[in-house]
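Trainee: next input, structure requested:
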Amino acid sequence: MKNIQRNVIFTGIGYVLPLLAALLTIPLMLKYFGVDQYGLYIICISLIGFMNFVDLGVGQAVVKYVTEYEAIGQREKVKPVLDIALMIYIVLGILVVLLLYVSAPALATFLYDDYHKAQVAQTALRITSGALFLSYINQFFLNVSRAYHRFDVPAVIHNSANIGGIVLSSILLVLGYSLIEVLWGYVLIQGIALTSGYFSSKKVLPEGLHFGLSFDSAIFANMISFSIYTFIGNFTIALTSRADKLLIGSIIGTEAVTYYQIPFTIAQMANGIIYTLVHILFPRFSELSSLSNKQELFQLYKNANHIVFFISALIAVMLISAGGAFLGIWVSPEFAEKTTLTLQIIAAFSFINSTQSVAYWAAQGGGQAKLTAAVLVLGAIAYGFGLFYLGRAYSYNGVAVALFFGLLPYPVLFVWVSRNIGHRMDEFLLLLLTTSLAGALAIYGLTWLNNVLGNGFVSILVDVTLGALAAIIFFWWFWYKKNLKGVTMDSSRAALAVKP
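Mentor: Numbering: from 1, shown residues only. Take a look at the predicted model:
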């Protein structure tokens, strides 16, 4: 894959830095905001991120069709794809921002019965609509870079904006400013990010291509047929990972949003590196599918699957064994007492959920947006039922358990993978079982060791050190095995070449 080393390096670094910034500043924000207002802040920031998913699926259509047309030598079709996508982003962005602005009073009343709190929430939501619009338009330009295998560019811009927003928010809070001023800071940061995204996307375009107003009805029809189902899937992901905070807040209160969201954020940030890196493979899956190269497609899928399983299991083991100690040091022992179990439940869910990511992007690259959308919608419905009933019965821990309900439809994806890529479902299940057993043994061993050590900070340090050693050994083995296989194949070809 083009630029793969640069993409992985910049994406990895760009992912880790905002993670560290968030880890350092969340306790500060909790201190200055308070539990209740921090919950409102999370809702506003989640809405900004929410729009990154709600783009009618046009973003993934840009990546898929630009990649596909470049691969099969039909560059003349690329410009209409870009122009149509930009038009859709602008129109849809304006409509959604107007909707949020107008509905802000109703949403504020939905969250708070208290008049003063509702007024603050209304103002906060309306300011959020400005940051939301700027972030949304920028997604078009970042997807142009992704279409040309430059995932490093959007990684730098997107994560710089995340860091900038977090740092500026912290500075404003320390200086005595309120939530309203903090959200205006997000508007400024997103404006700078949009400017950077525009100029960066122009640089990656091949010579002779530029943004304009061209339109091709046939290409538009192809894009819509793919993007509408992708939109449904993306919208569903946004609902289950971001907008669900509104529902949680209305059912069990904004304080519960905080107690749920912080463990969820830790698990999401830790596992997000998996989604981010697997996403890099989307253009390659699309290329190989359009070229009908099944051998390389199977090998790419298999290698990615093994790496994802190891990383996701390692993250789950670390969070389950040392997560409570981390929360106690990072926030407070009282907070850790309330949320350690929540973090452990979400960590177990995140492990299983991450193992689905390769199948998802392989199916998207194969043009199966309808299938992936159906899986996500059915999963969201199951999660919604679980959230409502388990949330009311068991508060935020019940919401964490409800996440597992969303995994129920995923076997359908693996049926498609088995038929079209060749990776059988029994292979996946065996890998899931062996990885889960190995992870359970590792958790048992680390928990015993942590109890012997009896010190939270030392336990975290030891667990992380052992995890890093495990990662080094795994990746050494993986690349050694891959290189050995490559040498063997080259030797076989050479022997065939000289055979009389």
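
Trainee: show me the protein divided up by domain.
Mentor: Domains of the chain are assigned by automatic domain parsing as 1-252, 253-493.

Trainee: ok, how many other residues are close to Ile192?
Mentor: 14 (other Cβ atoms under 10 Å). The way it works is simple: take the backbone N, C-alpha and C, and place the C-beta from them, glycine included.

Trainee: ok, Val308 next?
Mentor: Residues near Val308, counting by other Cβ under 10 Å: 20.

Trainee: which strands or helices does the helix or strand hosting it pack on?
Mentor: Assigned by DSSP states H and E, Val308 belongs to helix 294-330. The contact analysis (3 or more Cβ pairs under 8 Å, 6 or more residues apart in numbering; DSSP states H and E) places helix 294-330 against helix 4-33, helix 254-279, helix 282-290, helix 333-354, helix 357-365, helix 425-453, helix 456-498.

Trainee: which one of these is the most hemmed in?
Mentor: Among the helices and strands packed on helix 294-330, helix 357-365 has the highest mean neighbour count (mean count of other Cβ atoms under 10 Å), at a mean of 25.

Trainee: check what pLDDT the residue lying closest to Leu341 once chain neighbours are set aside gets.
Mentor: Of all residues not flanking Leu341 in the chain, Asn397 sits nearest, at 6.0 Å (Cβ to Cβ, 6 or more residues apart in numbering). Asn397 carries a pLDDT value of 90.

Trainee: starting at the chain centroid, how far to the helix or strand hosting Asn397?
Mentor: Secondary structure assignment for Asn397, by DSSP H and E: helix 369-402. When C-alpha coordinates are averaged (Cα atoms, centre = their mean, to the nearest Å), helix 369-402 and its chain have centres 18 Å apart.

Trainee: now swap in stretch 57-67 and tell me
Mentor: Relative to its chain's centre, stretch 57-67 lies at 17 Å (Cα atoms, centre = their mean).

Trainee: stretch 451-459 too?
Mentor: Centroid separation for stretch 451-459 versus its chain: 32 Å, with Cα atoms, centre = their mean.

Trainee: quick one: Leu28 and Leu172 touch, right?
Mentor: No. Between Leu28 and Leu172 there is no contact under Cβ atoms under 8 Å: 11.3 Å.

Trainee: follow-up on the earlier one: now the helix holding Val308: average pLDDT?
Mentor: The model assigns helix 294-330 a mean pLDDT of 90.

Trainee: tell me the buried residues in that helix?
Mentor: 297-301, 304-328, 330 (16 or more other Cβ atoms under 10 Å).

Trainee: got the angle for it vs helix 357-365?
Mentor: 130 degrees (axes from the mean of the first three to the mean of the last three Cα atoms, to 10 degrees).

Trainee: about what we covered before: mean pLDDT lowest for which of the domains of the chain?
Mentor: Looking at the domains of the chain, the bottom one is domain 1-252 with a mean of 82.

Trainee: sorry, back to before: buried residues, the helix holding Asn397. List them.
Mentor: Neighbour-count burial for helix 369-402 [16+ other Cβ under 10 Å]: 369-384, 386-387, 390-391, 395-402.

Trainee: give me the angle between it and helix 254-279.
Mentor: Going by the same axes, to 10 degrees, helix 369-402 makes 140 degrees with helix 254-279.

Trainee: report the inter-axis angle for helix 369-402 versus helix 333-354.
Mentor: Using the same axes, to 10 degrees: helix 369-402 against helix 333-354 is 150 degrees.

Trainee: for helix 369-402, packing partners?
Mentor: For helix 369-402, the packing partners by 3+ Cβ pairs under 8 Å, 6+ apart come out as helix 217-238, helix 244-252, helix 254-279, helix 333-354, helix 357-365, helix 411-420.

Trainee: make it 10 Å
Mentor: helix 58-71, helix 217-238, helix 244-252, helix 254-279, helix 333-354, helix 357-365, helix 411-420 (3 or more Cβ pairs under 10 Å, 6 or more residues apart in numbering; DSSP states H and E).

Trainee: dump those helices into a markdown table; add distance to Leu179 as well.
Mentor: Below are the helices and strands packed on helix 369-402 laid out as a markdown table (distance: least, Cβ to Cβ, whole Å):
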| stretch | distance to Leu179 |
| --- | --- |
| helix 58-71 | 30 |
| helix 217-238 | 23 |
| helix 244-252 | 15 |
| helix 254-279 | 13 |
| helix 333-354 | 21 |
| helix 357-365 | 34 |
| helix 411-420 | 40 |
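
Trainee: if you skip the residues just before and after it, what's nearest to Gln368?
Mentor: Trp416 (6.3 Å).

Trainee: same check, this time on Ser312
Mentor: Ser354 is the one closest to Ser312 (Cβ to Cβ, 6+ apart), at 3.7 Å.

Trainee: quick one: that neighbour and Ala313, what's the gap?
Mentor: 9 Å (Cβ to Cβ, to the nearest Å).

Trainee: nearest to Ser160, of the helices and strands packed on helix 369-402?
Mentor: Proximity to Ser160, assessed across the helices and strands packed on helix 369-402 by Cβ to Cβ, is greatest for helix 254-279 (14.8 Å).

Trainee: relative to helix 282-290, how tilted is the closest one?
Mentor: Going by the same axes, to 10 degrees, helix 254-279 makes 50 degrees with helix 282-290.

Trainee: let me know the angle separating helix 254-279 from helix 58-71.
Mentor: Using the same axes, to 10 degrees, helix 254-279 lies at 0 degrees relative to helix 58-71.

Trainee: pull out the buried residues from the strand or helix carrying His116.
Mentor: Take DSSP H and E as the rule and His116 turns out to sit in helix 115-147. Across helix 115-147, burial judged by 16+ other Cβ under 10 Å covers 117-118, 120-147.
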